[in-house]
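> build me a model:
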Amino acid sequence: MESNKMIEENGQDSYDAAMEALSSLITSKRRGDGSVVSDKYDKLDRMVMYIKILGLEEHIAGLKIIHVAGTKGKGSTCTFCEAILRESGFRTGLFTSPHLIDVRERFRLDGLDISEEKFLHYFWECWHQLKENITDDLPMPPLFQFLTVLAFKIFACEKVDVAIIEVGLGGTRDSTNVIKDPVVCGVSSLGMDHMETLGDTLEKIASQKAGIFKPQVPAFTVPQLPEAMGVLQEKAKDLMVSLEVVNALDRRKLKGKELSLSGEHQLTNAGLAIALCKSWLQRTGNWEKLFLHADMDNNLPEAFLRGLMTARLLGRAQTVYDLSSKSSESDGVVRSTSGDLIFYLDGAHSPESMEACATWFSSAAKEKNHNQSSTQSLSSKEVWSNGHVQPGRNESEKISKNILLFNCMDVRDPQILLPTLVDTCAISGTYFTKAIFVPSISTYSKVTSGSSVIPVVKTAKDLTWQFNLQRVWEKIIHGKDAVCKSSEMQIPETMNCSPADGHFACSAVVSSLPMTINWLRNYAKENPAFRIQVLVTGSLHLVGDVLKLLRR
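This is a model prediction of the structure:
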């Protein structure tokens, strides 16, 4: 009832009202996709009923779909697929999750987030139609189910040539698995994640992911651990599915160019995307029309190359330079300050993705340092990231300082994630001089728009979890528990200490992310000899909040 009142106050059918309506569908804070951990048995039956209410059965059957599951890399794979097929001349629809800044990120048409006008049109059409037909036995769908039927509605009405659909969670019981006849299916890299829902072994998880396979529909996957591969192959055999294992893309096929999504692991995702796109083109009768004479063994078609070099995905191995030079205002919105400050953002939250994140960060940070060292200074002046020319220290003389900004959900195990990060970085000689643990601003109980103001938090936050993260960190780094009170530690007091333990100096728990960003900017400003490189990881919500604060 409260949500209905809020919707009325915000104005019927407005964007803010739509966000309030979506928020009313969140039934659990435990899952980033909005689903309830225990609610999995009748999910698909209810999805079928929602689709019937909206009259979408035939429309979904008419969509030419690429369906992708996996533990890590499925979003990147889908993004590559969309860009490749768009560059090949097709009208594309892409549905991914979660969003980082604005819910419209989940729905892309021809490579762009759906416009606010179109989103509202389709959103309220679905909302009102479902609202008029709910019963005690069929309530309004939870958030992710609603967004899934909304995606099908958008893609059907917009008459896309191809719909690329990323699985939300698992596969077998996922809301997207109402797709009966996709053109092709893919399974990206598998690992241990969402075990409370999918099972506590890799075999059980693989079985859930393989649930998207459909009889006689070709499927592709990447090299997997034997226990996972065996399950995928057995499921494929039962359904008479041709399952092909695709190797990582040979970098030489890029002709000296780079993938738009950073990280060595993206070559694996790109290889899978190429195979999925080729199969889709062949099965829809378009390969012969466009690429009949293509020599895929040695060269990629130009459209494929353009797609691989232009695909974009927020918060996954993303580098953001802090450029502007204004301070924060009383409304709580942080506006950029100057300084040599670089944010490296990757929402890794599983051991496998954290290892990939650490490998990418080590490489990217070192490449930045190497490039700066190789750049000659002009007249002994340096151009800082805010565009101002400053006299003094050359870029090649700058000292890099790596800072970790971390948070994760309390269903994650920091005793696995943090050691993986530290150990993988150490292999490459990359170390953190400071670590900050801060709660995210976004919550699992509310959907907000990308333009909404960052709230000013006036009540004390429960930082118990962040202190637990800090204790795990201190144990890893120093071999002892953190000595800290169960209250907020202010950054100025704890983070300006001098290095006392080799590469690692300080850690802190901070209650406010805007405060943390402001401190980082001031720290960069007050230390012109340093290049501050901040790795933001552990939670896509944290990554999204940082991007929002940076106005990206």
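
> so Ala365 makes contact with Asn402?
Yes - the pair Ala365 / Asn402 is scored as a contact, 6.5 Å apart, by CB atoms under 8 Å. (C-beta placed from N, C-alpha, C; glycine too.)

> common neighbours of these two, please.
The contact sets of Ala365 and Asn402 overlap at Thr430, Gln533 (CB atoms under 8 Å, 6 or more residues apart in numbering).

> okay, now the unreliable bits of the stretch 151-300 of the chain?
Along the stretch 151-300 of the chain, segments meeting pLDDT under 70 span 194-197.

> sorry, that was for the chain
Scanning the chain for pLDDT under 70 picks out the ranges 1-12, 28-41, 194-197, 324-339, 368-397, 443-445, 449-460, 480-505, 552.

> domain-wise, how is it divided?
Domain ranges of the chain: 1-30, 64-109+162-310, 318-549, per automatic domain parsing.

> go ahead and confirm Gly62 touches Lys159.
No - using CB under 8 Å, Gly62 makes no contact with Lys159, being 9.5 Å away.

> how about residues contacting the biggest helix by length in the chain?
Of all segments of type helix in the chain, defined using DSSP state H, the longest is helix 351-374. For helix 351-374, the surrounding residues in contact (CB under 8 Å, 6+ apart) are 71-72, 189, 191-193, 262-265, 317, 319, 342, 344, 346, 348, 395-396, 398, 400, 402, 416-417, 420-421, 424-425, 427-430, 531, 533, 535, 537-538.

> now the buried members of those.
Using 16 or more other CB atoms under 10 Å as the burial test, the contacts of helix 351-374 include 71-72, 189, 191-193, 262-263, 265, 317, 319, 342, 344, 346, 348, 395, 398, 400, 402, 417, 420-421, 424-425, 430, 531, 533, 535, 537-538 as buried.

> show me where the stretch 251-400 of the chain has strands.
Assigned by DSSP state E, counting those that start in this stretch, the stretch 251-400 of the chain shows strands spanning 318-321, 341-346, 381-383, 389-391, 399-406.

> so Gly186 belongs to a strand, correct?
Yes - with DSSP: H, G, I helix; E, B strand; the rest coil as the criterion, Gly186 is part of a strand.

> start the count at 817 instead of 1 going forward.
Noted, 817 is the first residue going forward, which turns the last one into Gly1002.

> show the contacting residues for it.
Gly1002 neighbours (CB under 8 Å, 6+ apart): 882-886, 890, 893, 1035-1037, 1088, 1091-1092.

> leaving out the residues flanking it, which one is nearest to it?
Val884 (4.4 Å; CB to CB, 6 or more residues apart in numbering).

> and the one you found, backbone torsions?
Backbone torsions for Val884, taken as degrees, to the nearest 10, come to phi -130, psi 130.

> so what's it up against?
Val884 neighbours (CB under 8 Å, 6+ apart): 890, 893-894, 897, 980-983, 1001-1004, 1092.

> who does it form a beta bridge with?
Note on Val884: beta-bridge partners Glu982, Gly1002, judged by DSSP bridges.

> hang on, the earlier thing: so which bits of the longest helix of the chain are buried?
Using 16+ other CB under 10 Å as the test for burial, helix 1167-1190 gives 1167-1181, 1184-1185, 1188.

> now the angle between strand 1157-1162 and it, please.
Angle, helix 1167-1190 to strand 1157-1162, by axes from the mean of the first three to the mean of the last three CA atoms, to 10 degrees: 150 degrees.

> quick check: angle from helix 1167-1190 to strand 1215-1222?
Going by the same axes, to 10 degrees, helix 1167-1190 makes 160 degrees with strand 1215-1222.

> tell me which helix or strand comes right after the helix or strand containing Leu1234.
Per DSSP states H and E: Leu1234 is located in helix 1230-1243. Per DSSP H and E, the first helix or strand lying C-terminal to helix 1230-1243 is strand 1250-1253.

> helix or strand right after that next one?
helix 1280-1294.

> list the buried ones in that following helix?
Within helix 1280-1294, judged by 16+ other CB under 10 Å, the buried ones are Trp1281, Gln1282, Phe1283, Asn1284, Leu1285, Gln1286, Arg1287, Val1288, Trp1289, Glu1290, Ile1292, Ile1293.

> same check on stretch 868-881?
For stretch 868-881, by 16+ other CB under 10 Å, it's Ile869, Leu870, Leu872, His875, Ile876, Leu879, Lys880, Ile881.

> nearest to Thr912 among the residues you listed?
If you rank the buried residues of stretch 868-881 by distance to Thr912 using CB to CB, Ile881 comes first, at 13.8 Å.

> now the closest one. Its backbone dihedrals?
phi -100, psi 140.

> ok, it touching Val983?
No - counting by CB under 8 Å, Ile881 does not reach Val983; the two are 11.8 Å apart.
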